[in-house]
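A.B. asks: Sharing a model prediction with you, sequence too.
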Amino acid sequence: MIIKYKEFCNESLKDQMKGKSDDDIKKSLSNLSDSDKIKNIIKYKLSYYLLPNNLTINGHLVCSYNQLTKLPDNLIVNGNLNCNTNKLIKLPDNLIVNGNLDCSYNQLKELPDNLIVKGNLYCYNNQLPRSTKKPIGVKGEMEL
């Protein structure tokens, strides 16, 4: 019964968002937790700039293969962040990942100086120069 209720709610939300402006969609998402907002934005392929800045995710965030062009500034992920295979041209300002960060297969040309990654940083198959140095805030290994 719980699964059917969740499916009903998700389909209902999807139907509610068809043909609506971004402001209307933001209002529809406003009653959801940050985690549920992200899940719905990803699931229904809504504009990723609807993600709020200053967002904290308690757990892993997997947003690979979504053609993302940006992530919100001041994003904190208390787990792994997998944002590989998108169209990111830069990582957000003040990004903190308390696990591993996989941003491979994007279009990154540089890494932010204020990037903090407590685990490993995987950023191969980007447009980063071979001379790119590991940012000071990366505690684990870095793979170009």
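C.D. replies: Structure received.
A.B. asks: In this structure, where is pLDDT below threshold?
C.D. replies: Residues of the chain meeting the criterion pLDDT under 70: 1-19, 22, 42, 47-49.
A.B. asks: can you list the domains in it?
C.D. replies: Here the domain parsing of the chain from automatic domain parsing is 1-52, 53-144.
A.B. asks: Determine how far the last one lies from the middle of the whole chain.
C.D. replies: Taking C-alpha atoms, centre = their mean, to the nearest Å, one finds domain 53-144 lying 9 Å from the centre of the chain it belongs to.
A.B. asks: ends of that domain, how far apart?
C.D. replies: In domain 53-144, first residue to last residue: 28 Å (C-alpha to C-alpha, to the nearest Å).
A.B. asks: Can you classify Asp36 by secondary structure?
C.D. replies: At Asp36 the chain is in helix, as set by DSSP: H, G, I helix; E, B strand; the rest coil.
A.B. asks: Next: the one 5 residues further on.
C.D. replies: Of the three states, Ile41 takes helix according to three-state DSSP.
A.B. asks: and it, how many residues sit next to it?
C.D. replies: Neighbours of Ile41 under the rule other C-beta atoms under 10 Å: 21. Any C-beta I mention is one placed from the backbone N, CA and C, and that applies to glycine too.
A.B. asks: Could you do the one 5 residues further on as well?
C.D. replies: Here the count is done by other C-beta under 10 Å, and Leu46 has 20 residues near it.
A.B. asks: Relative to Asn98, how far out is it?
C.D. replies: As judged by C-beta to C-beta, to the nearest Å, Leu46 and Asn98 stand 26 Å apart.
A.B. asks: same deal with Lys70?
C.D. replies: Distance from Lys70 to Asn98, counting by C-beta to C-beta: 21 Å.
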